[in-house]
Every structure is written in C-alpha cells, then in structure tokens.
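> Next come a sequence and a model predicted from it.
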Amino acid sequence: MIIALIGLFIGLAIGLIAPVTIPLTLSRYTAVAVLGIIDSLLGAVYADTKREYESGIFVSGLLLNSLLAIGITYFGDRLGLELYLGVIVVFSLRMFQNVAGIRYHFWQQFQDKRGKTGK
C-alpha cells in the first residue's frame, strides 16, 4: 500500500510540474477515463479492507472500466447522444458505494478499538 501511495504522490508531482493541455474535443473522454480510474482505485481499497484484493482483478478492472467508459462516450458522440452522462452517473454511484464501504470498515475498526480500551 505504501508503494501505491508513493507512486500516487510522484504522479501528482509530475502532473503538476509538466505543462499538459488537453484539447477541448477530448475533455469528455479524459473525464470519463479518470472517473473509471478513480472508481477502480476506490474499488481496490474497498476490496483490500475486506481482504479480497487481487492485483489481476484490479488491473483488468482499471483498463476495462476506462476503455468501456471511453467507448460508450465515443458511441454517444457518434449517435449525437450524451451517453457520457450515464457513465458519469454510474461511476459516481459506484464510487459512493465504495467510499461508504471503506468508511464502514474504518468505523468498525474504531468501534472495536474503543470497546477494547473500555472508553
């Protein structure tokens, strides 16, 4: 987990230092891909809290989520429909579910420690 956090901070530092401009025509695709990545990361953390984390599932989910989101957005653009909004709603719901599960796990740990100390 420490290696992942170090990689996250290094990636954030590079992203803030490097001047990258995303064209307006690709902004929808970038947004849904980033949401897919965040959803996969939160899903991995949630799976880790349940001791069910597997790196193969994480990597395949990360790639599939992002590619599927980009694909749905692309087909929506070709059809003249704003299907990316559906992708945003689905990923947002999944992220909230994962965050709720993570929060519940940490709350249970807090309650267990609190009960054991007698406070």
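Arrived safely, thanks for sending. These numbers come from a predicted model, not from an experiment.
> got the contact list for stretch 11-28?
30, 73, 77, 84 (CB atoms under 8 Å, 6 or more residues apart in numbering). From N, CA and C alone the C-beta is placed, and that goes for glycine too.
> And these, which is closest to R114?
T30 (43.0 Å; CB to CB).
> Do you know the pLDDT at that closest one?
pLDDT for T30: 92.
> which helices and strands does the strand or helix carrying G86 pack with?
Assigned by DSSP states H and E, G86 falls within helix 84-117. Helix 84-117 sits against helix 27-49, helix 55-79, with contacts defined as 3 or more CB pairs under 8 Å, 6 or more residues apart in numbering; DSSP states H and E.
> if you compare these, which one is most tucked away?
helix 27-49 (a mean of 19; mean count of other CB atoms under 10 Å).
> Distance of A47 relative to G7?
18 Å (CB to CB, to the nearest Å).
> now L16
For L16 relative to G7 (CB to CB), the value is 15 Å.
> what's the answer for L93, then?
Counting by CB to CB, the gap from L93 to G7 is 27 Å.
> where does the protein have its least confident helix or strand?
helix 2-17 (a mean of 86; mean pLDDT, DSSP states H and E).
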